[in-house]
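> take this sequence and fold it.
(one chain, ligands or ions: 1)
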Amino acid sequence: LDPEEFRRQAHLVVDFLADYYSSIENYPVCSQVQPGYLTKTMPKSPPMQPESIETILQDVQKHIIPGITHWQSPGFFGYFQSNGSTGNFLGEMLLTGFNTVGFNWLASPAATELEMVVMEWILKLLQLPKSFSFSSNGGGVIHGSTCESFVCTLIAAREKKLSQIGTQGDLTQGRLVVYCSDQTHFSLQKACKVVGINPSNIRVVSTTKSTNFELSPHALLMTIKSDVKAGLIPLYLCLTIGTTPTTAVDPLGTLCDVAKQFNMWVHVDAAYAGSACICPEFRHFLDGVEGASSFSFNPHKWFLTSLDCCCLWVKDSNDLTNALSTDPELLKNKQSESKQVVDYKDWQIALSRRFRAMKLWMVIRSYGVSGLQEHIRKHVKLAKDFEALLRTNSKFEVMVPRNFAMVCFRVSPSALATLANESSNEKVNRLNEQLLEALNGTGRVFMTHTVIEGVYVIRVAIGATLTDDKHISMLWDIVQEHANTLLAKYEC
Ligand code: PLP
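Numbering: from 1, shown residues only. Predicted structure coming up:
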């Protein structure tokens, strides 16, 4: 690693990326390549000799960029966004530059302590209860993903429960039950598999449109009671603030009260919407979080921070470390033995870990709380604007209440004059599916869909860093244009 050559090449890469961002709107938002496009083009063996950065960047432009779906494009409205930002990008450069592997305090004291500092900052920002703080028995850790946080909290809950009730091996573990709603992110199912929860012991409680897709405390209580009657053991309840299909918000307070009756672990997943709760006007969505055992959100969605970054707080850090600690001779050191330091390897699955706090710290310092709040509010305003536009045209229906910056809509059945039989729902679904395909086919926008109660719905997740008023106007224009074209076809 020659520092001067590093300087020269890194400048070229920064220039390349600056040019990419300047021209990002020239690329189709969703990649248009066909499966196998790259494997067919790339050499079958790696190069024997070093190649220049100039040659490599030419290939990135020619071969890689066509196969990229441009998540940073202002026309990206798919899934939930993953925000890029200058502060984050520079933080990533620094953390990659230092390339530490801070599994315990000694392996990089700054990596551990900066993570603790940043997690306490965000705890304050979100007004999380003191019980989640290092100053009580709790504390925060940065994981790579929510799925990882699910796995770690499930294991912590499992070990705690087994130690409370005494283990009879598989017999007891096989009776542990996990609860969630049909809105809960599907990665909880994967986490349950990893942790060895009996697949028949995952209770997915149904939600309905009439109750805004919130998990009902009564339905939960009835489900738990029936399990207890059958000799099963309630273990873990996953609640969501801002569900993936519809951004529904579970009522934390009453649901935590139900879980408390059964001594269950409650995890609150605010992967997407947690970022919004730094604004006082959205904080009420977290009311009741004090009843939870753990809470997580993904700065890598809506907090100007790139993958991978999921912040997890637990009320009792011993629950995590009792379940996940290892103490090999190789890593023994005075500081760890003094118990005065945090060894984050015991708060996560892997041993090694990136210095993720560096990018989060850079983001918070670069934009300040006011800048981060402004970022959230801008997208919420754009979502409100788009929703208002949809409501001006009776051909469209807004399908769920908009809590944050995602709008779910469809072409309304009433826009199709010829609809008059029992297959009408299928017909409207097909029309909306074709509308989404046509919109994404323009290359100017990219959106995804969900199906709620059998109804096909287009999700518009507004949150890309570069999205502005003019992109919402453009979106509205092409939505109307393509809907009109399709409706005319259907009416022929
Ligand atoms: N939970 C919610 C509510 C989500 O929206 C998502 C992803 O979109 C996840 C969990 C999964 O997050 P991750 O990819 O960090 O595991």
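
> which other residues reach stretch 350-368?
Outside stretch 350-368, the residues that touch it by C-beta atoms under 8 Å, 6 or more residues apart in numbering are 85-88, 90-92, 94-95, 98, 100-103, 108, 110-111, 114-115, 117-119, 121-122, 142, 144, 299, 303-306, 308-309, 311, 326, 344-345, 372, 375. Using the backbone N, CA and C atoms, a C-beta is placed for each residue, glycine as well.

> can you give me the separation between Ala18 and the ligand?
Remark: distance between Ala18 and the ligand (C-beta to the nearest ligand atom, to the nearest Å) = 28 Å.

> can you tell me the helix or strand for that residue?
helix 3-22 (DSSP states H and E).

> I'd like the next helix or strand past that helix.
Past helix 3-22, the next helix or strand by DSSP H and E is helix 37-41.

> buried residues in the helix or strand immediately after that following helix in the chain?
Following helix 37-41 in sequence order, the next helix or strand is helix 53-59 (DSSP H and E). Across helix 53-59, burial judged by 16 or more other C-beta atoms under 10 Å covers 53, 57.

> and the longest helix along the chain, which residues are buried?
Looking across the chain with DSSP state H, the single longest helix is helix 357-391. Along helix 357-391, these residues count as buried under the neighbour rule (16+ other C-beta under 10 Å): 357-364, 366-367, 372-373, 375-376, 378-380, 382-383, 385-387, 389-390.

> quick revisit: and the helix holding Ala18, what's its mean pLDDT?
Mean per-residue pLDDT for helix 3-22: 97.

> now swap in stretch 177-195 and tell me
96.

> got the end-to-end distance for it?
Start-to-end span of stretch 177-195 (C-alpha to C-alpha, to the nearest Å) is 12 Å.

> which residues touch Ala483?
395-396, 411, 415, 435.

> now rank these by neighbours and give me the top one.
Among these, Val411 has the most neighbours (other C-beta atoms under 10 Å), with 25 neighbours.

> now do whichever strand or helix holds Ile472: distance to the chain's middle.
For Ile472, the enclosing helix or strand under DSSP H and E is helix 469-491. Taking C-alpha atoms, centre = their mean, to the nearest Å, the mean C-alpha location of helix 469-491 is offset from the chain mean by 29 Å.

> and it, what's buried?
By neighbour count with 16+ other C-beta under 10 Å, helix 469-491 contains the buried residues 471-472, 474-476, 478-479, 482-483, 486-487, 490.

> what does stretch 138-150 give?
Using 16+ other C-beta under 10 Å as the test for burial, stretch 138-150 gives 138-150.

> near the ligand, from those?
145-147 (C-beta under 6 Å from any ligand atom).

> helix, strand or coil for the residue of the stretch 251-400 of the chain found nearest the ligand?
Residue nearest to the ligand within the stretch 251-400 of the chain (C-beta to the nearest ligand atom): Ala271, separated by 3.5 Å. Assigned with DSSP: H, G, I helix; E, B strand; the rest coil, Ala271 falls in the coil class.

> surely it touches Leu312?
No. Applying C-beta atoms under 8 Å as the test, Ala271 and Leu312 come out as separate, 10.8 Å apart.

> now for the two: what residues contact both?
Common neighbours of Ala271 and Leu312 are listed as Ser296 (criterion: C-beta under 8 Å, 6+ apart).

> could you show which parts of this protein are in contact with the ligand?
Within reach of the ligand by C-beta under 6 Å from any ligand atom, the chain has these residues: 80, 145-147, 185, 187, 240, 243-244, 269, 271-272, 298, 310.

> any chance of the residues you listed in TSV, with secondary structure too?
What follows is those, written out as TSV (three-state DSSP):
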residue	secondary structure
Phe80	coil
Ser145	coil
Thr146	helix
Cys147	helix
His185	coil
Ser187	helix
Thr240	strand
Thr243	coil
Thr244	coil
Asp269	strand
Ala271	coil
Tyr272	coil
Asn298	coil
Cys310	strand
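
> return the set of buried residues in stretch 454-467.
By 16+ other C-beta under 10 Å, the buried positions in stretch 454-467 come out as 455-465, 467.

> pull that stretch out as PDB, backbone CA atoms only.
These are the backbone C-alpha positions of stretch 454-467, laid out as PDB (Å, rounded to 0.1, in the frame of the first residue of the first chain):
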ATOM      1  CA  GLY A 454     -56.100  -9.700  -1.900                       C
ATOM      2  CA  VAL A 455     -55.700  -6.200  -3.400                       C
ATOM      3  CA  TYR A 456     -52.700  -5.400  -5.500                       C
ATOM      4  CA  VAL A 457     -51.200  -2.100  -4.300                       C
ATOM      5  CA  ILE A 458     -48.400   0.100  -5.700                       C
ATOM      6  CA  ARG A 459     -46.000   1.200  -2.900                       C
ATOM      7  CA  VAL A 460     -44.300   4.600  -3.400                       C
ATOM      8  CA  ALA A 461     -41.500   4.800  -0.800                       C
ATOM      9  CA  ILE A 462     -40.300   8.400  -0.900                       C
ATOM     10  CA  GLY A 463     -36.900   8.700   0.800                       C
ATOM     11  CA  ALA A 464     -34.000   8.700  -1.700                       C
ATOM     12  CA  THR A 465     -31.600  11.500  -0.600                       C
ATOM     13  CA  LEU A 466     -31.800  13.300  -4.000                       C
ATOM     14  CA  THR A 467     -35.600  13.100  -4.500                       C
END
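
> what's the distance between that stretch and the middle of its chain?
Relative to its chain's centre, stretch 454-467 lies at 14 Å (C-alpha atoms, centre = their mean).

> ok, now stretch 41-51?
Centre-to-centre, stretch 41-51 and its host chain are 36 Å apart (C-alpha atoms, centre = their mean).

> restrict that stretch to CA atoms and write it as PDB.
The C-alpha trace of stretch 41-51 is given here as PDB (Å, rounded to 0.1, in the frame of the first residue of the first chain):
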ATOM      1  CA  THR A  41     -19.100 -11.000 -20.600                       C
ATOM      2  CA  MET A  42     -16.500 -11.300 -17.900                       C
ATOM      3  CA  PRO A  43     -13.300 -13.300 -18.400                       C
ATOM      4  CA  LYS A  44     -13.500 -16.900 -17.100                       C
ATOM      5  CA  SER A  45     -10.200 -16.500 -15.100                       C
ATOM      6  CA  PRO A  46      -8.800 -13.700 -13.000                       C
ATOM      7  CA  PRO A  47      -6.000 -11.500 -14.500                       C
ATOM      8  CA  MET A  48      -2.500 -12.800 -13.900                       C
ATOM      9  CA  GLN A  49      -1.000  -9.300 -14.000                       C
ATOM     10  CA  PRO A  50      -2.000  -6.200 -12.100                       C
ATOM     11  CA  GLU A  51      -4.300  -3.800 -14.100                       C
END
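
> ok, which stretches of the stretch 201-350 of the chain are helices?
In the stretch 201-350 of the chain, helices defined by DSSP state H, counting those that start in this stretch lie at 217-229, 252-261, 299-302, 317-324, 334-338, listed in chain order.

> any weak-confidence spans in the stretch 151-300 of the chain?
Along the stretch 151-300 of the chain, segments meeting pLDDT under 70 span 167-171.

> please redo it, this time with the cut-off set to 90
For the stretch 151-300 of the chain, the stretches with pLDDT under 90 are 164-174, 210.

> where along it do the strands fall?
176-181, 202-205, 233-240, 265-269, 294-297 (DSSP state E, counting those that start in this stretch).

> nearest to His70, of those?
His70 sits nearest to strand 294-297 of all those, at 24.5 Å, using C-beta to C-beta.

> can you tell me what sits against the closest one?
The contact list for strand 294-297, computed with C-beta under 8 Å, 6+ apart, reads 126, 128, 132, 143, 146, 149, 153, 156, 265-275, 277, 289, 303, 310-315.
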